[in-house]
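Student: dropping a prediction and its sequence here:
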Amino acid sequence: MPFAHPIDDRYFEDYIEGDVHDCGNITIEADEMLAFAKQYDPQDFHADPEAAKATPFGGLIASGWLTAGLMMRLYVEHYLTHVASLASPGLDELRWLKPVRPGDCLSVRVTVLKAVPSRSKQDRGAITSLIEVFNQAGDLVMSLRPVNIIARRPANK
C-alpha cells in the first residue's frame, strides 16, 4: 500500500494503523557477508566458508547484524520519513528466524501497528511498526518491532 505522501513530505499523520508497506528488496553476496563478519562478527559460520560446513548450518550464513543493517537500508529508503524522523527510543522482539545465505534476495515488509500522538509534546507522535524480512522463497528470516518518534505535519504543509 503506498503512502499518501512521498518520503520527503511524510509526517506522523501519514502512518496509518494497519497499513502494510513493501520496502523493496536487496541481495546479499558472500563477499559482503565475509567482510562484515571478519570485522564485526567473526564466528566461523559467518566468517569462514570451510569451517562453516562443519557447523549445524552446513555452510556460510550472514550475521544477523548484517541482515539488520540491510533491512535498515530499505527501511530508511522506503518507509521512514526523510523530513520528520526525530529519533527512536528502541525496538522490541528482534528475532532471527532462519539463516540468510549467500545470494539470498531479501524483501522487507512493514506494518504500522500503532500511531500514538504524544501527550506531552503536541508536535510529534510515536509510531510502532512490525518489520518482517523475507528471503526469495518467502520464508520469514527476521522480524522486529521498532518505535520511531515522528514529527506531526506543520500547519502550513
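Tutor: Received the coordinates, thanks.
Student: run through the residues that contact the nearest residue to P154 once chain neighbours are set aside.
Tutor: Nearest non-adjacent residue to P154, counting by Cβ to Cβ, 6 or more residues apart in numbering: Y11, 8.0 Å away. Heads up, the C-betas are built off the backbone N, CA and C, glycines and all. Taking Cβ atoms under 8 Å, 6 or more residues apart in numbering, we find Y11 in contact with 5, 81, 83-84, 150-154, 157.
Student: mind running it again at 7 Å?
Tutor: Y11 sits next to 81, 84, 150-153 when contact means Cβ atoms under 7 Å, 6 or more residues apart in numbering.
Student: give me the three-state assignment for A137.
Tutor: coil (DSSP: H, G, I helix; E, B strand; the rest coil).
Student: how far away is it from D22?
Tutor: 17 Å (Cβ to Cβ, to the nearest Å).
Student: would you list every one of the helices in this protein?
Tutor: 30-40, 44-47, 49-52, 64-78 (DSSP state H).
Student: distance of F57 relative to H46?
Tutor: Distance from F57 to H46, by Cβ to Cβ: 10 Å.
Student: between those two, who's got more neighbours?
Tutor: H46 (24 against 14; other Cβ atoms under 10 Å).
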